[in-house]
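1. kindly generate the corresponding structure for this input.
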Amino acid sequence: MSTKNIRLEVMRFLEKNVDTFIDQYLIPVEKIWQPTDYLPNSEKETFFDDVKELRELAKDLPYDFWVVLVGDTITEEALPTYESWLMQVEGIDNVERNGWSRWIRQWTSEENRHGDLLNKYLYLSGRVNMREIEQTTQHLISDGFDIGTGRDPYKNFVYTSFQELATFVSHNRVAEMAKKAGDDKLSRMCKRIASDEMRHHHAYSEFVNSIFEVDASEMMLAFQYMMKQKILMPAHFLRESGQKISTAFEQFSNAAQRIGVYTATDYVDIMQKLINKWNIDKITGLTDEAERARDFLMKLPARMTKISERLVVPPDSYIFKWVQPAVK
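-> Okay, the predicted model is just below:
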């Protein structure tokens, strides 16, 4: 039997537990928070006063903070790309609407609230150029992305396990910075988004755990593959209006690293967390090739730490069209 067919059989075998995962890791629509819970209520007489307060608090946040918040928002807004990508993964059948596709749709519905909340906050803040942001978002969706996973569910679930934890780190750090600057309302928004991301991380990492139990060697090889090629961020094709594909991503990443929202050290830390979470050192019954992959993975964080220590981040902010003129 081909490796591809084994993966499909594993996905079908695990599908019987998807409803349990949905119940454990996703929240019913009627019970989960919505963006309007955290924004000024336009139905109330106090709406304009509340918006004025939001704008006053926003004035104390620094330039690179706004760049990162905009980049995070655009990343969340490009959700159609991520859903369409995942719907093509082996074993996720949207035509027959199986358990896996049900998971993806409900996961997407939760993630959709993040972009809605942040987009409305940016619009009300008056600190950014919304038309430039909207153009960048449209570019990012139309450009799509290629994270190097193909239709392989093993590789895709490694990616989502990593990426959900990375977005938790980013949103949580933004929340901490907002709180330190005295903007408790924005801090609460980002904290709530971060909590969703952590919950989703636990789900996807549990999917990987389940695969390790039934197809350990191939799962180990998939994990090695993703770590060897490095995890590309969802917004790696980021660009501003009038620019070529991917030209804005490095500057956005530099801003995030410069203010400590998401750094090379965080990347290595997430890698180590996944190695620990999946008990890579304790998995038995591996093929010789998978044993070599395990050895590679166990040594990789230390190697990556040395590389990250040599990275130099430009000290000066790049002026984006999203946030121009520069916030004083």
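
2. only C-alpha atoms from now on, for both contacts and neighbour counts.
-> Noted.

3. other SSEs contacting the worst-scoring helix or strand of the chain on mean pLDDT?
-> Ranked by mean pLDDT, DSSP states H and E, the weakest helix or strand in the chain is helix 3-14, scoring a mean of 86. Where contact means 3 or more C-alpha pairs under 8 Å, 6 or more residues apart in numbering; DSSP states H and E, helix 3-14 is packed against helix 153-180, helix 184-214.

4. looking at those, which is buried most?
-> Highest mean neighbour count among the helices and strands packed on helix 3-14 (mean count of other C-alpha atoms under 10 Å): helix 153-180, with a mean of 23.

5. list the buried ones in the least confident helix or strand of the chain?
-> Neighbour-count burial for helix 3-14 flags R7, L8, V10, M11, R12, L14 (criterion: 16 or more other C-alpha atoms under 10 Å).

6. quick one: residues in contact with it.
-> For helix 3-14, the external contacting residues (C-alpha atoms under 8 Å, 6 or more residues apart in numbering) are E90, G91, D152, P153, Y154, S210, I211, V214, D215.

7. quick check: next helix or strand after that helix?
-> Next along the chain after helix 3-14, taking DSSP states H and E as the criterion, comes helix 18-25.

8. what residues of that following helix count as buried?
-> Buried-residue list, helix 18-25, by 16+ other C-alpha under 10 Å: V18, F21, I22, Y25.

9. closest to L61 out of those residues?
-> Proximity of those to L61 was ranked by C-alpha to C-alpha; the top entry is Y25 with 33.4 Å.

10. on that earlier part again, make CSV out of the helices and strands packed on helix 3-14 and add distance to V68 and mean pLDDT.
-> Putting these into CSV (distance: least, C-alpha to C-alpha, whole Å; pLDDT from 0 to 100) gives the following:
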stretch, distance to V68, mean pLDDT
helix 153-180, 8, 97
helix 184-214, 12, 98
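
11. got the contact list for A178?
-> L61, D184, L186, S187.

12. ok, now with 7 Å
-> Each residue near A178 by C-alpha atoms under 7 Å, 6 or more residues apart in numbering is listed here: D184, L186, S187.

13. could you measure the closest residue to the first one other than its chain neighbours against L57, distance?
-> Spelled out, it's D184. Using C-alpha to C-alpha, 6 or more residues apart in numbering and skipping residues adjacent in sequence, the residue nearest D184 is A178, 6.7 Å away. According to C-alpha to C-alpha, to the nearest Å, A178 and L57 sit 9 Å apart.

14. please apply the same query to M198.
-> 27 Å.

15. got a list of contacts for stretch 85-105?
-> L8, M11, R12, E15, V18, D19, I22, E83, R151, D152, P153.

16. just the C-alphas of that stretch, formatted as PDB.
-> Provided in PDB are the C-alpha atoms of stretch 85-105 (Å, rounded to 0.1, in the frame of the first residue of the first chain):
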ATOM      1  CA  TRP A  85      -5.800  25.100   1.900                       C
ATOM      2  CA  LEU A  86      -6.900  22.800   4.700                       C
ATOM      3  CA  MET A  87     -10.000  21.700   2.800                       C
ATOM      4  CA  GLN A  88      -7.700  20.100   0.200                       C
ATOM      5  CA  VAL A  89      -5.800  18.000   2.700                       C
ATOM      6  CA  GLU A  90      -6.000  14.200   2.200                       C
ATOM      7  CA  GLY A  91      -8.900  12.800   4.300                       C
ATOM      8  CA  ILE A  92     -10.700  16.100   4.700                       C
ATOM      9  CA  ASP A  93     -13.700  15.700   2.400                       C
ATOM     10  CA  ASN A  94     -15.900  18.800   1.900                       C
ATOM     11  CA  VAL A  95     -18.000  17.200  -0.800                       C
ATOM     12  CA  GLU A  96     -19.300  14.400   1.500                       C
ATOM     13  CA  ARG A  97     -19.000  16.800   4.500                       C
ATOM     14  CA  ASN A  98     -17.100  14.300   6.700                       C
ATOM     15  CA  GLY A  99     -16.000  14.800  10.300                       C
ATOM     16  CA  TRP A 100     -12.700  16.500   9.400                       C
ATOM     17  CA  SER A 101     -14.400  19.000   7.100                       C
ATOM     18  CA  ARG A 102     -16.900  19.700   9.900                       C
ATOM     19  CA  TRP A 103     -13.900  20.500  12.200                       C
ATOM     20  CA  ILE A 104     -12.300  22.800   9.600                       C
ATOM     21  CA  ARG A 105     -15.500  24.800   9.100                       C
END
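
17. now do the SS call for the residue in the chain sticking out farthest from the centre.
-> Most distant from the centre of the chain: E45, at 36.6 Å, with distances by C-alpha atoms, centre = their mean. Classification of E45 using DSSP: H, G, I helix; E, B strand; the rest coil returns coil.
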